[in-house]
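Participant: Provided below are the primary sequence and the corresponding predicted coordinates.
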Amino acid sequence: MADIFLPPWRKKYLKEIETLDPIKDHLRIAQIAVLYEFPWDITRALEVALFRTFAVPSISKILSNSQQFEKHPQKRYDDTDLLLAEIVEHGYDSERGRKAIERMNFIHSHYPIAQEDYLYVLSTFVFEPGKWIERFGYRKLTEKEKIACYTLWKEIGRRMGIQNIPDTLEEFKHFNEAYEAKNFVFHDNNRKIATFTENLVLGWFLPEAMYDIGRPFLLAVMDEKLLTAFGHEKPNPLVQTLVTTVLKTRGTVLSWFPTRKQPFLHTQQKTKTYPKGYGINDLGPEKLNRHST
């Protein structure tokens, strides 16, 4: 959807972004996108990003061995969501942002994760929101927003100790595409972790007896190479068309809604795992809590 067709009241944040520098002001621009303009879309996109990491056997093996998706899928989802939200909402150099990054680094230190795999996961946070918004958002991301989001995740990646982060968005995209071409290969662990997560998402809306009915609608937002890595067939074209039409229609309707005045803060929402609230050191596998710093 071209921005020129947006009603004037929908351009409030675009006008602010025009006054900002995508490098110097990257945190503010990224927060506008995540907290005001596209909170629902970016949440869904990061869920797709999570699935993409399951398509890599070296990653799905670690996840399978940890048994966190098998035994505690909702906690694993909530922990990831809240750790990322702490960093984005408060800023990576804030007290809470630093604690969240320290917590992630502590958790990751217990697993044999290759630097290339770290880098790929980081790249999904950069590119999946843009791809989702391109398909289903009420408008497309501007170039400033793309650069700002890349800069945000590059800074987070540096603080996580991730090495060899490409210097430009174009180089990072090339890495992302080359990595997927090489590493998206079917493995039983891929299918297992994906199925645990599919069932988690389906369980938010359906009783267990209806999971197989709902699964094609969930898979309809995934591309063919991702489905192949999970051993899934493409959903019926009618299902794909229905899901795509509904999501695109949502974006069109949303373009006429007023802009959000208050940020959508994941850290302020009730979660299934932490209905009474949480501390940053509560996030992550329970077996690590007693070793928290």
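Facilitator: Received, thanks.

Participant: I'd like the distance between the residue most central in space within the chain and residue 282.
Facilitator: Central residue of the chain (C-alpha atoms, centre = their mean): residue 46, 1.5 Å from the mean position. Note on residue 46: its distance to residue 282, by C-beta to C-beta, to the nearest Å, is 21 Å. No exception for glycine: its C-beta is placed from N, CA and C like everyone else's.

Participant: For residue 176, identify the helix or strand it belongs to.
Facilitator: helix 169-183 (DSSP states H and E).

Participant: Now do that helix, average pLDDT.
Facilitator: Per-residue pLDDT values over helix 169-183 give a mean of 97.

Participant: Check stretch 12-23 too.
Facilitator: What stretch 12-23 shows for mean pLDDT is 96.

Participant: can you check stretch 146-162 too?
Facilitator: Mean predicted confidence for stretch 146-162 is 97.

Participant: Check the offset of that stretch from the chain's centre.
Facilitator: Stretch 146-162 sits 14 Å away from the centroid of its parent chain (C-alpha atoms, centre = their mean, to the nearest Å).

Participant: Give me the contact list for it.
Facilitator: Stretch 146-162 is contacted from outside by 22-23, 25-27, 29-30, 33, 87-88, 92, 98, 101, 104-105, 108, 115, 118-119, 122, 125-126, 129-130, 141, 165, 169, 172, using C-beta atoms under 8 Å, 6 or more residues apart in numbering.

Participant: Show me where the chain dips below the pLDDT cut-off.
Facilitator: 1-4, 289-293 (pLDDT under 70).

Participant: do that again at 50, thanks
Facilitator: Scanning the chain for pLDDT under 50 picks out the ranges 1-3, 290-293.

Participant: Other residues contacting stretch 249-265?
Facilitator: Residues outside stretch 249-265 that contact it (C-beta under 8 Å, 6+ apart) are 1, 5-7, 9-10, 12-13, 31, 35-37, 39-40, 85, 89, 136-139.

Participant: In PyMOL, how would I select just the buried ones from the residues you listed?
Facilitator: The PyMOL selection below is limited to those of these classed as buried (16 or more other C-beta atoms under 10 Å):
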select buried, resi 10+12+13+31+35+36+37+39+85+89+136+137+138+139
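
Participant: Sort out which of the contacts of stretch 249-265 are in helices and list them.
Facilitator: Counted as lying in helices by DSSP state H, out of the contacts of stretch 249-265, are 12, 13, 31, 39, 40, 85, 89, 136.

Participant: would you list the residues you listed in CSV and tack on distance to residue 228?
Facilitator: Below are those laid out as CSV (distance: C-beta to C-beta, whole Å):
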residue, distance to residue 228
12, 42
13, 38
31, 36
39, 31
40, 28
85, 32
89, 36
136, 23
